[in-house]
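A.B. asks: Have a look at this prediction, sequence included:
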Amino acid sequence: MAGQGVKSAAIQIRAPTSNESKGRDSPIPTEKKRETPQRICRNVMIYGYCKFQDSGCVYYHPPPGADLNAASTPLTGSPIATIPTLLPKDTSTKPSFGLGAEHLSAPVFVPKTPIGETSSPRATTPSLIPANVTHSPLTPTATAPSTAGMTPSWPALGNQGGLLSRQDNSMSFDDSLISMDPSQSSAMDGSMFMHQAIRQPLDQHLYVSPLPHLSNPPVNHHPLHSFFIPDDLRRTLQARNEAIYQGTQSGSSNGLPNELGIYHSLKLIQSLNQPHPQNQSQNAPSKVYVHPAPVYKAVSSVDGNVYCLRRIEGYKLVNESAFGAIDTWRRMRHPNIVGLREAFTTKAFNDNSLILVYDYHPLSTTIWDEHLIPNPAVAQNNNSPGRGRTGLPIQERVLWSYITQIANALKAVHSSGLAARNLDPSKILVTGKNRIRLNGCGVWDVLAYDPSTHVGHYQQEDLVSFGKLIISLCCDFFQPGQHPALPLEHIQRNYSPDVKSLVMFLISKPSPMKSVDEAIKIMGPRILNELDAMQNYADTLESDLGAEMENGRIIRLLTKLGFINERAEFELDPRWSDTGDRYILKLFRDYVFHSVGVDGKPILDLSHVLTCLNKLDAGLDERIMLVSRDDQSCLVVSYREIKHCIEAAFNELRNAGNPMRVR
Ligand SMILES: Nc1ncnc2c1ncn2[C@@H]1O[C@H](COP(=O)(O)OP(=O)(O)OP(=O)(O)O)[C@@H](O)[C@H]1O
């Protein structure tokens, strides 16, 4: 049985008295404890030294380098003498480096590495097992846990990502089920070693540090938050998540309809250049659409998602063909275009309104807000016109990024037989750092439906608008309608010649030769810079995702422990969670979360928790000493054995007949 196996594997180095063994905290029968002042101090056993040795500690402190195993046996009367040791007899292959675990009959000492002393930012608690230790493969009848077929403990320091081949790292509950397959168990001899041939889903316990091509942090750079995704990314994502449902209160309280078809909880979205909502009239005409065109976010009752609704006030449908282009826009999915979902007319606002429903991008701004909006505060300080948030001219690197993304979007639009007709700074959303998307697509197709005009005409207009947009971004004095000579001169002085060539091409007279493809040819290698940036960013995000995946392993493990620890009763046994294998899990829980320092104060050490749980998840052979709360019994068990206990107990719960699957 699993439990028996683990008990036989555990080395009980100090046992409670027979009276104490009846106590709730000592359910494992033990021999009578022999009290003696000559007992070896537990601090020496655990930490290798006792800081109270010279200040009154009554226990025995063997001289440094002494064989503690030999010293402890006659003094304590420990059952070590009767319980076969788990440690491999043949240690000839192990290099000698001071007091090893085999000498102590105690856990391998895992130092709390001071932050910054490891070359791997996520490898916080390197094991002291030397790299060249070879675990002697034992037969199934041996009393020591076999390591045959198992991956040895990681040799510790630094980034060891390349030392062992990574296997499937998923640690799903389904994996646990597989590893506890009874058919596999029956093939074994019933001992705890039955799982020796079972695939370990994990073969490493260290947080994998970012690979050198992503980051090469200095060795002393080891912030705690390197366990998790970077703070700025976390803050951004959290803020976006909050923004999604923030303020989607009932429409009746803000003068908006309660429902608009399948949409409800409408909320007006203000742009940055309208900082005081109470002063704003929703009916101010749009700079672009002439009609008032407020934007709302609303929740769909069909899928529960939040969408962005653009309302064009005072629109009267005269020709249903006006909606002809909407279907094509709806089908278009492009990373640089805000997706259009549907369009319809409504009288819910007590007028005739056109509603276009777009994907919602929380906390987005516009190019106008970021770079062009007059900024009086900056103007006063810098004696310059002061535009955008920073009031600084746009950097060429950012400019080329925008140009590439807009050209990419235009290519997709024109290839679909459509035209953007909307290339205005206030209609280009900035949805992330230097990440832009064309917004408001399809509005003009409905609003100014004119079947007599060929789409090629609008596409040529797009290119001219694109050129003007670049001029506006580069020249803070540029006014619509102004002759381009002065702005071009400014561009020539402040930006590379390619910018001017591109602008001149875009604002030149329409011709059959003028197309977005030609513009892309002029941009040439600049596009590759954008590709580089995107791929580097994807690599970084993937690495951050890797860190979160490691934390995902931990939450699965904690969930399992939570199912088991302190369970009030199971199958009519009120002591189920305190007995058998579960007792070891209870002690382990205390070891991980309830440690106290020598001064009795709680130790709240996240790296200790993460280290223990990761080692448990990986099922290391490293041993730890678990002490009961009444201090009367100690168990030395390996992480592998504890992992086995969890799987056994969890499967007991799972097989108890609850049809609900844990995912
Ligand atoms: N799809 C969207 N997702 C999220 N927010 C959006 C979306 N579309 C627009 N917004 C937000 O709504 C704000 C207002 O957009 P809008 O296009 O009305 O800009 P505007 O500067 O008010 O222009 P106009 O003068 O045409 O009304 C923008 O600043 C943007 O932050």
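C.D. replies: Thanks, I have it. Residues are numbered from 1 along each chain as shown.
A.B. asks: Any regions of the protein where pLDDT drops low?
C.D. replies: 1-38, 46-47, 65-227, 248-254, 272-282, 376-391, 657-663 (pLDDT under 70).
A.B. asks: which stretches of it form strands?
C.D. replies: Here the chain has its strands, by DSSP state E, at 11-14, 259-260, 263-269, 295-300, 306-313, 340-346, 353-359, 365-366, 428-432, 435-438, 623-627, 634-638.
A.B. asks: Kindly report the residues of the protein close to the ligand.
C.D. replies: 269, 271-273, 286-289, 293, 295, 308, 338, 358-361, 364-366, 368-369, 426-427, 429, 439 (C-beta under 6 Å from any ligand atom). Placement of C-beta: from N, CA and C, glycine included.
A.B. asks: thinking again about what came up before, reformat the strands of the chain as CSV; add distance to residue 512.
C.D. replies: What follows is these, written out as CSV (distance: least, C-beta to C-beta, whole Å):
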stretch, distance to residue 512
strand 11-14, 87
strand 259-260, 44
strand 263-269, 41
strand 295-300, 37
strand 306-313, 33
strand 340-346, 29
strand 353-359, 32
strand 365-366, 33
strand 428-432, 27
strand 435-438, 24
strand 623-627, 77
strand 634-638, 77
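A.B. asks: Of all those, which one comes closest to residue 326?
C.D. replies: Between residue 326 and those, the tightest spacing by C-beta to C-beta is seen for strand 340-346, at 4.8 Å.
A.B. asks: The closest one pairs with which strands?
C.D. replies: strand 353-359 (antiparallel) (DSSP bridges).
A.B. asks: what angle sits between the strand it pairs with and strand 306-313?
C.D. replies: 150 degrees (axes from the mean of the first three to the mean of the last three C-alpha atoms, to 10 degrees).
A.B. asks: re earlier: so among the residues of the chain next to the ligand, which ones count as buried?
C.D. replies: 269, 286, 288-289, 293, 295, 308, 338, 358-361, 364-366, 368-369, 426-427, 429, 439 (16 or more other C-beta atoms under 10 Å).
A.B. asks: Counting neighbours, what do you get for residue 430?
C.D. replies: Residue 430 has 20 neighbouring residues, counting by other C-beta atoms under 10 Å.
A.B. asks: is it true that residue 518 touches residue 508?
C.D. replies: No - the criterion here is C-beta atoms under 8 Å, and residue 518 misses it with residue 508 at 10.4 Å.
A.B. asks: Would you mind listing the residues in contact with the residue of the stretch 101-250 of the chain found nearest the ligand?
C.D. replies: Going by C-beta to the nearest ligand atom, the ligand is nearest to residue 243 of the stretch 101-250 of the chain, at 8.9 Å. Going by C-beta atoms under 8 Å, 6 or more residues apart in numbering, residue 243 touches 362, 363.
A.B. asks: ok, now how distant is it from residue 562?
C.D. replies: Applying C-beta to C-beta, to the nearest Å, the value for residue 243 to residue 562 is 32 Å.
A.B. asks: and if you look at residue 514?
C.D. replies: Taken as C-beta to C-beta, the span from residue 514 to residue 562 is 65 Å.
A.B. asks: which of the two has more neighbours?
C.D. replies: residue 514 (17 against 12).
A.B. asks: for this protein, which helix is longest?
C.D. replies: Secondary structure of the chain per DSSP state H: the longest helix is helix 526-564.
A.B. asks: helices or strands up against it?
C.D. replies: helix 173-179, helix 396-415, helix 581-593, helix 606-618, helix 639-654 (3 or more C-beta pairs under 8 Å, 6 or more residues apart in numbering; DSSP states H and E).
A.B. asks: Dump the last one to CSV, restricted to CA.
C.D. replies: Included here for helix 639-654 are C-alpha records, laid out as CSV according to Å, rounded to 0.1, in the frame of the first residue of the first chain:
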residue,chain,number,x,y,z
TYR,A,639,9.8,15.0,-2.0
ARG,A,640,9.1,12.0,-4.2
GLU,A,641,7.4,10.2,-1.4
ILE,A,642,5.4,13.2,-0.4
LYS,A,643,4.3,13.6,-4.0
HIS,A,644,3.3,10.0,-4.0
CYS,A,645,1.2,10.6,-0.8
ILE,A,646,-0.6,13.5,-2.5
GLU,A,647,-1.4,11.5,-5.5
ALA,A,648,-2.6,8.5,-3.5
ALA,A,649,-4.8,10.7,-1.2
PHE,A,650,-6.1,12.8,-4.1
ASN,A,651,-7.0,9.7,-6.1
GLU,A,652,-8.8,8.3,-3.1
LEU,A,653,-10.9,11.4,-3.0
ARG,A,654,-11.3,11.3,-6.7
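A.B. asks: Buried residues in it, which are they?
C.D. replies: 639-654.
A.B. asks: That helix - contacts with which helices or strands?
C.D. replies: helix 2-9, helix 173-179, helix 526-564, helix 581-593, helix 606-618.
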